[in-house]
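**Q** Need the 3D shape of this:
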Amino acid sequence: MKVIEVIADAGFLDTLIAIAEQHQAVDTWFGGTGEDGRKIVRILVRPEHRQAVMDSLQSSLGGQENARINVIDVEVTLPRVDEPPEQEDETEQKRRAISATREELYNEIEKGARFSGNHMLLVFLSTIVASIGLLEDNVAVVVGAMVIAPLLGPNIALAFATSLGDRDLVWASLKTNLAGLGMALGIAIIIGAVLHVEPHGQEILTRTGIGPAGVVLALASGAAAVISLTTGVSTALVGVMVAVALLPPTATLGLMLGSMHWGHAAGAGLLLAINIVCVNLAAKLVFLYRGVRPRTWLEKRQAKQSVTVYVTVWVLALVILLVVMYLRERLHA
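**A** Predicted coordinates:
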């Protein structure tokens, strides 16, 4: 549960109280009027109503330059708040399942799409860790690279951006994703060329091929990543990072390319491509199912077009990759 704090002109007090009552706020309180004519109103709301309250507040205060809306975490509130009625329609159940609002999700996910020195440093370090784990056939070290998982954020951000039709976030996600993949691949190619790696270790061989189970794993991982974000279960994200494993296939691809093992490189590249497609497609579908969409009608129409294109592209890409996977298995049978 969280408190939505609104700082606005005192003339909006009745409107703010009406919004709180309309959306069944647990409690509402306000302080005196400041020297600037603004009043602070705090609204305690249940998770399932928070997005509706935020939308109503933004619609009412959107034109006010001196208005501000803050969302404040509440660890405990006493007396305890009664549970809402069990009778809920499907839309209300979806809202209850999402404990973070669109704005909170944006604030969290947008960080993963930022192109920064820290992000690239994480990519560099995790690629080194993954390469060492692959070379030494040490699963614990490879898992360590998975947990760092700097390539997961831009992919989730890309799915989220298309849900909102946010072109700026789409391009930022693509730029960060391509830069991270490019750096990881380049570093691994250099290591492979210098050391001339032989594909004997189990950790390398595991990532030079893919079967139906790998496709299901990637789809489940992408879905789980979004569920953990939208429900606030952040601890689950570490397990998701391990399962997605975008970085080890990238490192394997680079090592095999640098060592000129073309067949194994093709297998690692296919695994990486299928993982990326499945993570993005599953994340997009979960965002869609959870009802994560823009606030205004115009933005919703633009986002709907973006979603259609996005899902179609990823579905077609997945079908093509599955056909390639099937043909590759037939050739090696």
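
**Q** contacts, neighbours, all on C-alpha from now
**A** OK.

**Q** Please, which helix or strand holds Gly32?
**A** Taking DSSP states H and E as the definition, Gly32 sits inside strand 27-33.

**Q** what comes up buried for that strand?
**A** Buried positions in strand 27-33, judged by neighbour count with 16 or more other C-alpha atoms under 10 Å: Thr28.

**Q** in its sheet, what does it sit against?
**A** strand 38-45 (antiparallel) (DSSP bridges).

**Q** what about the residue nearest the centre of the chain, distance to Arg102?
**A** Nearest to the geometric centre of the chain sits Ile156, at 3.0 Å (C-alpha atoms, centre = their mean). From Ile156 over to Arg102 the distance is 14 Å, taken as C-alpha to C-alpha, to the nearest Å.

**Q** tell me how far the helix or strand where Ala157 lies is from the chain's mean position?
**A** Using DSSP H and E, the element containing Ala157 is helix 152-164. Remark: helix 152-164 is offset 6 Å from the chain centroid, using C-alpha atoms, centre = their mean, to the nearest Å.

**Q** Stretch 212-221 too?
**A** Mean C-alpha position of stretch 212-221 versus that of the full chain (C-alpha atoms, centre = their mean) differs by 17 Å.

**Q** again, but for stretch 196-206
**A** For stretch 196-206 - counting by C-alpha atoms, centre = their mean - the centre lies 31 Å from the chain centre.

**Q** Next, the distance between the ends of it.
**A** So stretch 196-206: terminal residues 19 Å apart, C-alpha to C-alpha.

**Q** Strands of this structure, residue ranges please.
**A** Remark: strands assigned in the chain by DSSP state E are 2-9, 27-33, 38-45, 68-73.

**Q** The first one pairs with which strands, and in what direction?
**A** Right, the one you point to is strand 2-9. strand 38-45 (antiparallel), strand 68-73 (antiparallel).

**Q** which regions of this structure lie under the pLDDT threshold?
**A** Flagging of the chain using pLDDT under 70 yields the residue ranges 82-100, 232-244, 294-305, 333.

**Q** isn't Met183 right next to Leu122, touching?
**A** No. At 10.7 Å, Met183 and Leu122 do not qualify as touching, with contact defined as C-alpha atoms under 8 Å.

**Q** can you pull the contacts of Gly153?
**A** Applying C-alpha atoms under 8 Å, 6 or more residues apart in numbering to Gly153 gives the contacts 109, 111-113.

**Q** Same check on Gly269?
**A** Each residue near Gly269 by C-alpha under 8 Å, 6+ apart is listed here: 208, 249-250, 253.

**Q** which one of these has the most neighbours?
**A** Leu253 (32 neighbours; other C-alpha atoms under 10 Å).

**Q** ok so, going back, widest-spaced pair of the contacts of Gly269?
**A** Maximum pairwise distance in these, criterion C-alpha to C-alpha, is 10.5 Å, between Thr208 and Thr250.

**Q** what residues do those two have in common as contacts?
**A** In terms of C-alpha under 8 Å, 6+ apart, Thr208 and Thr250 are both contacted by the residues 268-269.

**Q** Highest mean neighbour count out of the strands of the chain?
**A** Ranked by mean neighbour count, those are led by strand 38-45 with a mean of 22 (mean count of other C-alpha atoms under 10 Å).

**Q** from the chain's centre, how far out does it sit?
**A** Relative to its parent chain, strand 38-45 has a centroid offset of 30 Å by C-alpha atoms, centre = their mean.

**Q** Residue numbering should commence at 32 henceforth.
**A** I'll keep to 32 as the first residue from here, and by that count the last item is strand 69-76.

**Q** hey, C-alpha coordinates of that strand in CSV?
**A** Extracted C-alpha coordinates of strand 69-76, given in CSV (Å, rounded to 0.1, in the frame of the first residue of the first chain):
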residue,chain,number,x,y,z
ARG,A,69,-0.8,25.4,-2.5
LYS,A,70,-2.1,22.7,-0.2
ILE,A,71,-0.8,19.2,0.4
VAL,A,72,-3.3,16.4,0.2
ARG,A,73,-2.4,12.8,1.0
ILE,A,74,-4.4,9.8,-0.2
LEU,A,75,-3.9,6.3,1.1
VAL,A,76,-5.1,3.8,-1.6
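
**Q** quick one, helices of the stretch 232-364 of the chain?
**A** For the stretch 232-364 of the chain, the helices defined by DSSP state H, counting those that start in this stretch cover 233-237, 243-262, 266-275, 278-289, 293-320, 328-363.

**Q** and Arg73, which of these is closest to it?
**A** helix 243-262 (23.1 Å).

**Q** Any idea what Asp58 is bridged to?
**A** Under the criterion used (DSSP bridges), Asp58 bridges to Leu75.

**Q** got a list of what it touches?
**A** Contacts for Asp58 (C-alpha under 8 Å, 6+ apart) come out as 74-76.

**Q** out of the contacts of Gly300, who's nearest Thr207?
**A** Thr281 (15.3 Å).

**Q** what residues are up against the closest one?
**A** Per C-alpha under 8 Å, 6+ apart, neighbours of Thr281: 212, 215-216, 219, 299-300, 303.

**Q** go with 6 Å
**A** Thr281 is in contact with Leu216, counting by C-alpha atoms under 6 Å, 6 or more residues apart in numbering.

**Q** Could you do Val112 as well?
**A** So Val112 contacts nothing (C-alpha under 6 Å, 6+ apart).
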